[in-house]
Structure formats: C-alpha cells, structure tokens
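Trainee: no letters, just coordinates:
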C-alpha cells in the first residue's frame, strides 16, 4: 500500500518562474492537506482540499499560490513568480475522511518537496 | 489564536536512557487533540503518539508516553530506553476538534549518544 507520494522531491527555480508540486494521496484517501516548513520552523498549514473542492485555504498566501485536487489525478500546489522567500519544504498529507480522529481515520504525510529559489 | 511552544531547541540523551521533551500550548477550546510527530533525517513526518483532550489517561505507545496536564496546558513526551534510531526532530502539534488544521511547534532536535 503506497504512501502519500510527492514529486518532485527537489525543485530548483529561478526567481519569477513557476513551481508546481504534485501530491498523490494514499489509495482510498479523498482528503488532502498542504503544509509548508520554512528553515528552522515547524510546519504551517496552507490548504485543505477534498476532491474538486477547496475546503479551507486560510493558510494560503493571498497572491501567487493556488491549489487544486481534481476528480482525476494528483493534487497540485502551484506557486507563480516564485521569490526567494518561497524556498521551503512543502508537505502533503492525506486522510480517508475529514475529522481525522474519527475512529480508524489517520492523517499520513508524504516525504515533502524541497523548493529552492535562486 | 492557538499556539504551540517547544522551549527546548535541542536535547541530547545517552542510549538506553530516558528523555523528556516539553511542549506547552495555548487555546481557549476544550475539545482538542495533541500530537507528537517525529521527523528523521529522511524528513518524513511520522506520528509518534496522540492524545484526546477529554481523556484523562495519558497515552502510551511502547517506549513513548506523554504527560498531559490539561489545566497547565502542558503535553510532554517521554522516551524510555532511547535508541539511536530515535534521533530526529520532534514536533508537538495541536488540533481543535472543529478544524482540520494542525498547529505545530518549532520542534526539538533530539540527539542520541551511543
């Protein structure tokens, strides 16, 4: 049973370019979460999506960042016109349902995607 | 706003000894969950242990146990019989029952000395 798969693991972009990070949730999981980890910091919530719906994007920067989770295919976190401050690890997590501590439900994290902006 | 504070940026322990990592949190909610996550050098976030706030009994998972003091808003992690593989960053996290967001502390880097 494959875990949460993120790619690419490492991505280098020049300032002003676009970065696309992909996340395939665990099989049977329809809830996806994105978190960002800046150097020397804990993870910070960005967005929570279900299939075709953004449920909570309160942690997303207002500009340049967007996320989607289409009916088919992986969830995508898109960062337009990247700046040096976007350099971070971006973690995706998934769960079978929301309310992650309903009996039997657990949230699983991927191994992260490391974005470096030069 | 909910916050999670880990006051120990780094800790070290001798192999086979016991170590306690501290965590405090601030919330006005009464129904919430607390977690400890481990992030080894591979960087994957691994759930170590979790605690429901309504449960008075402290959670235990093999060598890992917590000391949950709800009134003091304290949630420490005790690792017994420390092993080299326990070396990692440890993050304390909070989640209100009515939200899907995890709020993380800044982490404690644990070194295990042979």
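Mentor: Looks like it arrived, so ask away. Just so it is clear, the model here is predicted, and its values are computed rather than measured. Residues are numbered from 1 along each chain as shown, chains lettered A, B, ... in the order given.

Trainee: the residue in chain B that chain A sits nearest to: neighbour count?
Mentor: Residue of chain B nearest chain A, by Cβ to the nearest Cβ: residue B:104 (3.3 Å). C-beta coordinates here come from the backbone N, C-alpha and C atoms, glycine included. Other residues within reach of residue B:104, judged by other Cβ atoms under 10 Å in any protein chain shown, total 22.

Trainee: and for residue B:21?
Mentor: Neighbour count for residue B:21, taken as other Cβ under 10 Å: 23.

Trainee: so it bridges to which residues?
Mentor: As for beta bridges, residue B:21 partners with residue B:77 under DSSP bridges.

Trainee: from residue A:32, how far off is it?
Mentor: Computed as Cβ to Cβ, to the nearest Å, the residue B:21 to residue A:32 distance reads 29 Å.

Trainee: thinking again about what came up before, the residue of chain B closest to chain A and residue B:50, how far apart?
Mentor: Going from residue B:104 to residue B:50 by Cβ to Cβ gives 14 Å.

Trainee: next: residue B:80.
Mentor: For residue B:80 relative to residue B:50 (Cβ to Cβ), the value is 18 Å.

Trainee: what about these two, which has more around it?
Mentor: A direct count of neighbours by other Cβ under 10 Å for residue B:80 and residue B:50 places residue B:50 higher, at 18 against 14.

Trainee: need the nearest residue in space to that one, chain neighbours excluded.
Mentor: Nearest non-adjacent residue to residue B:50, counting by Cβ to Cβ, 6 or more residues apart in numbering or on different chains: residue B:35, 4.7 Å away.

Trainee: what about the one you found, how many residues nearby?
Mentor: For residue B:35, the neighbour count with other Cβ under 10 Å is 24.

Trainee: quick one: list the elements packing against the strand or helix carrying it.
Mentor: Using DSSP states H and E, residue B:35 sits in strand B:32-39. Judged by 3 or more Cβ pairs under 8 Å, 6 or more residues apart in numbering or on different chains; DSSP states H and E, strand B:32-39 is in contact with strand B:46-52, strand B:64-69, strand B:74-79, strand B:88-96.

Trainee: give me the contact list for the helix or strand just after the longest one.
Mentor: Just to be clear, that refers to strand B:88-96. Later in the chain than strand B:88-96, the nearest helix or strand by DSSP H and E is strand B:103-104. Applying Cβ atoms under 8 Å, 6 or more residues apart in numbering or on different chains, the external contacts of strand B:103-104 come out as A:42-45, B:2-4, B:25, B:37, B:91-95.
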